[in-house]
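> Structure of the sequence below:
(chains A and B, ligands or ions: 1)
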Amino acid sequence: MTEAIAATARWQSCAIVEVATRTSAIKSFFLRLSEPFDYTAGQHVDVRLTAPNGYTAMRSYSIASAPSDSKVIELAIERLPDGEVSPFFHDVAQVGDTIELRGPLGGHFLWPGPSNKPVLLIGAGSGVVPLMAMIRYRKASGEPVPVALLLSSRTWGDVLFRDELLELERSLPDFVLALALTREPAMRRTDFSRRIDGRMVASVAGRLPVSPGCAFVCGSNAFVDIAADAALALGLEAGAIKTERYGA
Amino acid sequence: MVTRGFTGRQSGSELSDRIPPGQHLVDNFPVLTAGPTPRIEPADRTFTLKVGPRPVKAWSWSEFNALPRTKMTRDIHCVTSWSKLNTAWEGVAVDDILADAGLTAPTPFALAHCYDGYSTNVPLADLAMGKAMVALKYEGQPLPRDHGGPARLLVPHLYFWKSAKWVNGLQFTERDEAGFWELRGYHMYGDPWKEQRYTND
Ligand SMILES: Cc1cc2nc3c(=O)[nH]c(=O)nc-3n(C[C@H](O)[C@H](O)[C@H](O)COP(=O)(O)OP(=O)(O)OC[C@H]3O[C@@H](n4cnc5c(N)ncnc54)[C@H](O)[C@@H]3O)c2cc1C
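Model prediction:
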């Protein structure tokens, strides 16, 4: 892992080949790597923007696409109203533009590799991005690992990758999907309409065939604290609970 | 390479000499961790100093809190690219920990160890001579749990992952041994002014 990162953590220019509107606040950007790299689901890239006077801004974005032979990776970026980088992507960046990035980065929040212990994924908002890479990888690889995703979003319309997740719930064996809507009534009997809590996490974990061997939690700091404590309460070891906090 | 259409939120010029390359200022205090926030019971609060595998001294929580206190106000820089200016800390300088254990310069390197199994490596030269402390207070208040309470290492001149949260010991080592993030692709030293973010930077 260390070597993989060391060998590839060089800046490269990537063309935006497609932009897809995902929700009212989230767009996906498909970038063609000029120096393709191997990565593990859960990793991120650093993106660097440079102004004409040399000023740069750098931010981390998780890779949403599953590792594959494709040279194109997907980033899904949420627009933060007064942010510096995310509004640039939403309001300025276009197909054909070139963006500098480097990766893959992050040697901790990583899909665990062959194992048949179920994996519990808990995300909020754009925090589902690295979890989506894991679910897509799980599908593409055919690894027989049961996976449950508990995803918190404000409304049904804010559920990132909603249609794809609903389709996977139908077609992928041993994939459990539970949505928690914090500002709208639940649309389905298996979903929730409240903020995440320990009871909810236990109920979703209980839909797996056996209890999970590890958990991945990604979202805002407050969300991650609640979800990680709930995963501890399931009896998971602290070391089996990996968290990624998108900062504030 | 100039990014088409990007100007950015360029910070005021009077502060720009305090912001390392690739960093931007924040007013809040973001939290980043690898796992759950540990809940450390008062009975488990100890601090241990080791040289190699050998424990040299262990302090109970009350003994550790009775060591001489140092205050520092410093700018801090996180590898995820935020910087925060004028953060005010209080704690026990590494010099005072060493002095209380009757040591001066045990070995050239150290690993800080934490309750959650996390570790990070820092050279002695970056810990001693008033450069680093075990912080117990932030802005006059006991350190909040999610910022590393009850105690975190504070090495403000290096990227902030070196300021390990929930620290419970320092181990002096002959060689520079990689800690948790350093084994996972992050730089062995982590100087923000040289942008030493990842292994080969
Ligand atoms: C490992 C990792 C993976 C990530 N993956 C993703 C991902 O997949 N998708 C995603 O959307 N995000 C992701 N993030 C978050 C991302 O890196 C950025 O933090 C996010 O896009 C916000 O950047 P920004 O420049 O738009 O906002 P910033 O400029 O950083 O501001 C963040 C917020 O703080 C406020 N703010 C901060 N400073 C100021 C100031 N001086 N003046 C005014 N307002 C201020 C802004 O209003 C804004 O709401 C990830 C973060 C990490 C660490």
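> Closest residue of chain B to chain A?
In chain B, the residue found nearest to chain A is B:Arg184; the distance is 2.8 Å by CB to the nearest CB. C-beta: built from backbone N, CA, C; applies to glycine.
> Can you give me the pLDDT of the most centrally placed residue in chain B?
The centre of chain B sits closest to B:Ser163, judged by CA atoms, centre = their mean, with a distance of 1.2 Å. B:Ser163 is assigned 98 on the pLDDT scale.
> so who does it touch?
B:Ile76, B:Ala135, B:Gly148, B:Arg152, B:Leu153, B:Leu154, B:Val155, B:Pro156 (CB atoms under 8 Å, 6 or more residues apart in numbering or on different chains).
> Tell me which two of these sit farthest apart.
Spanning the widest gap among the contacts of B:Ser163 are B:Gly148 and B:Pro156, at 13.4 Å by CB to CB.
> Phi and psi next, for the residue nearest to the centre of chain B.
phi -90, psi 70 (degrees, to the nearest 10).
> Longest strand in chain A, please.
Longest strand in chain A, counting residues (DSSP state E): strand A:12-21.
> how far does it sit from the chain's center?
The chain centre lies 18 Å from the centre of strand A:12-21; the measure is CA atoms, centre = their mean, to the nearest Å.
> Dump the helix or strand just after it to PDB, keeping only the CA atoms.
Per DSSP states H and E, the first helix or strand lying C-terminal to strand A:12-21 is strand A:26-32. This file holds the C-alpha atoms of strand A:26-32, laid out as PDB (Å, rounded to 0.1, in the frame of the first residue of the first chain):
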ATOM      1  CA  ILE A  26     -24.400  17.100  -6.100                       C
ATOM      2  CA  LYS A  27     -22.800  16.600  -9.500                       C
ATOM      3  CA  SER A  28     -20.600  13.800 -10.700                       C
ATOM      4  CA  PHE A  29     -17.400  14.700 -12.600                       C
ATOM      5  CA  PHE A  30     -15.900  12.000 -14.800                       C
ATOM      6  CA  LEU A  31     -12.200  12.500 -15.200                       C
ATOM      7  CA  ARG A  32      -9.900  10.800 -17.700                       C
END
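> Strand A:26-32 and chain B, any residue contact?
No. Shown here: strand A:26-32 not in contact with chain B (CB under 8 Å from any CB of the partner chain), separated by at least 13.0 Å.
> Which strands and helices lie in contact with the next helix or strand after that strand?
Sequence-wise, the next helix or strand downstream of strand A:26-32 (DSSP H and E) is strand A:44-50. Secondary-structure packing of strand A:44-50 (3 or more CB pairs under 8 Å, 6 or more residues apart in numbering or on different chains; DSSP states H and E): strand A:56-62, strand A:72-78, strand A:98-105.
> So what are the sheet partners of strand A:44-50 and their directions?
The strands beside strand A:44-50 in its sheet (DSSP bridges) come out as strand A:56-62 (antiparallel), strand A:98-105 (antiparallel).
> Any idea how far the shortest one is from the middle of the chain?
When C-alpha coordinates are averaged (CA atoms, centre = their mean), strand A:56-62 and its chain have centres 15 Å apart.
> Turn the strands paired with strand A:44-50 into CSV, columns for mean neighbour count, distance to B:Ala58 and mean pLDDT.
Converted to CSV, the strands paired with strand A:44-50 look like this (neighbours: other CB atoms under 10 Å in any protein chain shown; distance: least, CB to CB, whole Å; pLDDT from 0 to 100):
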stretch, mean neighbour count, distance to B:Ala58, mean pLDDT
strand A:56-62, 22, 38, 95
strand A:98-105, 21, 37, 96
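> Arrange those strands in JSON lines, one row each, with distance to B:Glu41 as further columns.
Below are the strands paired with strand A:44-50 laid out as JSON lines (distance: least, CB to CB, whole Å):
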{"stretch": "strand A:56-62", "distance to B:Glu41": "34"}
{"stretch": "strand A:98-105", "distance to B:Glu41": "35"}
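> Nearest to the ligand, out of these?
Closest of the strands paired with strand A:44-50 to the ligand is strand A:56-62, at 3.7 Å (criterion: CB to the nearest ligand atom).
> Is the ligand within reach of that closest one?
Yes. Using CB under 6 Å from any ligand atom, strand A:56-62 comes into contact with the ligand via A:Arg59, A:Ser60, A:Tyr61, A:Ser62.
> So of those, which two are at opposite extremes in space?
Across the residues of strand A:56-62 next to the ligand, the longest distance by CB to CB is 11.1 Å; it joins A:Arg59 and A:Ser62.
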